[in-house]
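Chemist: From the sequence below, what's the structure:
(one chain, ligands or ions: 1)
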Amino acid sequence: MANREALRKLPAVDEVLRSPEMTALLAEKPRNLVVETVRQVLDRWRQAILTDGAKDEIGREEITSRVVKEVIRETARRSRPKLRRVINATGVVLHTNLGRAVLSPAARAAVEMVASGYSNLELDLESGRRGSRYAPLEGLLTNLTGAEAALVVNNNAAAVLLALSTLARGREVIVSRGQLVEIGGSFRIPEVMAQSGAKLVEVGATNKTYPDDYRRVITDQTALLLHVHTSNYRLVGFVREITVAELVSLGKEYGLPVMSDLGSGFLVDLSHFGLPAEPTVQEVVASGADVVTFSGDKLLGGPQAGIIVGRRQYIEKMKKNPLTRAVRIDKLTVAALEATLRTYLEPDRALHEIPVLRMLTAGATDLEEQARTLAEQLRYVVGELAAIEVEATISRVGGGAMPTADLPSMAVTIRPRQMDSEKLAKLLRAGEPAVMGRVQDDRLLLDMRTVSPGEGELLVKAVAAALKPGEEEER
Ligand SMILES: *Cc1c(COP(=O)(O)O)cnc(C)c1O
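Modeler: Now for the predicted structure:
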């Protein structure tokens, strides 16, 4: 009963709202949000008094003042945007959950430009007539890849769907059983095929497929030979994979078009930076594929987009497909992609200015220096609260690309003394900006490969705030 008695010490909603701090808060935030937060905070206090005890030691005024503080903090948290900045210290360069590619400064500036005013998105400025939103991209893409024509849609899943629907609706597409890929987020080749209205004809075994397997199933119903890059897994061991070049000669033999879904698709060879040799888009186009599709926001390092390059006759047909309108890109994408592609006209510049390429090719000494600097700053601000070390680690390309590539990297490790590392990881995720690291052997690893040079200071502040005693109950 003492608890019930103590409930009288709780202020009424109106009383809380009349306090001067609340007047200031109400001037800034929507009234509904503030009132609802006051109710919730009071509810929490009511529950706490009823279940945990009467809080005899604190008086009414003190309770009111604490309630007010909690309301202010909670209102701030609840009015924060849900989509927030995250510092990626996971070492996974193309982290799909963290938004894949970070855009280059030029791409960011282009987005800002096109978002802040009107633009000639579909206007030919010279003639004053209607133009195509794809025009600025098509010239760059044909120039960079050597293809005759190009089209860009919302993402690569849409690119594959559009290409299949245009070239093979109601007819058959032959794919090797070793290439029936699932990408994640329910993109599976057999299912996309079904959506497109094309009929999948599987050939070969999971591990071995030969040109003769195709010859046996080609009929007058066959519309297309499809090659899918096994971007997120590798077949190793007793394996015989079909190549794009082999499909191209089969295509010539039977008069059939060949399409290659490259998945990631990139324009510069990174093998001399220790990355696996993978075919570039130019190479696949040169090998004779009629249609090639790839993502804008994987290894290319641009905005989310699905890029289709290939022979004019097929691309023109796709442009006329009503699906193209449904999967078209918006002006922000056009702006960011044009700027990204322009940078590729000078490959050396691309390596420095496109964040994905810079992260993938970052050298061991630079990463180590970055780690040592951060460790030193962290030791200075966290003092006895955690043990801070620098150690070698392995980063990943991510985004379903180069799954077997180990990228040697350097990390700062944090072993907190007053909480476990999962708790620290959780507090860092709740911070502003949020920080994502990796928990390993009860330490939190911050991999330097994916941390931009300008983010060091923010990281130090975020870690210090998370480790500070007392911070925890305030959250
Ligand atoms: C990633 C990927 C896709 C899907 O691309 P999105 O741009 O994410 O839609 C399709 N095919 C392959 C082989 C891929 O690797």
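
Chemist: make it CA atoms for all contacts and neighbour counts henceforth
Modeler: Fine.

Chemist: Residue 175: what secondary structure?
Modeler: When classified by DSSP: H, G, I helix; E, B strand; the rest coil, residue 175 comes out as strand.

Chemist: Now do it against the ligand, distance only.
Modeler: 13 Å (Cα to the nearest ligand atom, to the nearest Å).

Chemist: can you check residue 231 too?
Modeler: According to Cα to the nearest ligand atom, residue 231 stands 5 Å off from the ligand.

Chemist: I'd like to know how many residues surround the closest residue in space to residue 149 that isn't next to it in sequence.
Modeler: Spatial nearest neighbour of residue 149, excluding adjacent residues (Cα to Cα, 6 or more residues apart in numbering): residue 312 at 5.0 Å. Here the number of neighbours of residue 312 (other Cα atoms under 10 Å) works out to 15.

Chemist: Next, the contact list for residue 312, please.
Modeler: Neighbouring residues of residue 312 by Cα atoms under 8 Å, 6 or more residues apart in numbering: 148-150.

Chemist: give me that answer again for 10 Å
Modeler: Each residue near residue 312 by Cα atoms under 10 Å, 6 or more residues apart in numbering is listed here: 147-150, 290-291, 318.

Chemist: Residues of this structure that sit close to the ligand?
Modeler: For the chain, the residues in contact with the ligand (Cα under 6 Å from any ligand atom) are 155-157, 183, 228-229, 231, 261-264, 295, 306, 400.

Chemist: Give me the sheet partners of the longest strand along the chain and which way each runs.
Modeler: Ranked by residue count under DSSP state E, the longest strand found in the chain is strand 386-398. Take DSSP bridges as the rule and strand 386-398 pairs in its sheet with strand 92-94 (parallel), strand 407-416 (antiparallel).

Chemist: so what's the closest residue to the ligand within the chain closest to, chain neighbours aside?
Modeler: Per Cα to the nearest ligand atom, residue 263 is where the chain lies closest to the ligand, at 3.3 Å. Of all residues not flanking residue 263 in the chain, residue 294 sits nearest, at 4.8 Å (Cα to Cα, 6+ apart).

Chemist: and if you look at residue 67?
Modeler: Ranked by Cα to Cα, 6+ apart and with sequence neighbours excluded, the top spatial neighbour of residue 67 is residue 41, at 6.6 Å.

Chemist: thinking again about what came up before, can the strands paired with strand 386-398 go into TSV with extra columns for mean neighbour count, mean pLDDT and distance to residue 285?
Modeler: Output for the strands paired with strand 386-398, formatted as TSV (neighbours: other Cα atoms under 10 Å; pLDDT from 0 to 100; distance: least, Cα to Cα, whole Å):
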stretch	mean neighbour count	mean pLDDT	distance to residue 285
strand 92-94	25	95	25
strand 407-416	24	97	28
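
Chemist: Nearest to residue 129 among these would be which one?
Modeler: Of all those, strand 92-94 sits nearest to residue 129, with 39.7 Å by Cα to Cα.

Chemist: hmm, who's touching that closest one?
Modeler: Applying Cα under 10 Å, 6+ apart, the external contacts of strand 92-94 come out as 98, 100-102, 297-299, 301, 355-357, 359-360, 394-401, 407, 447, 449-451.
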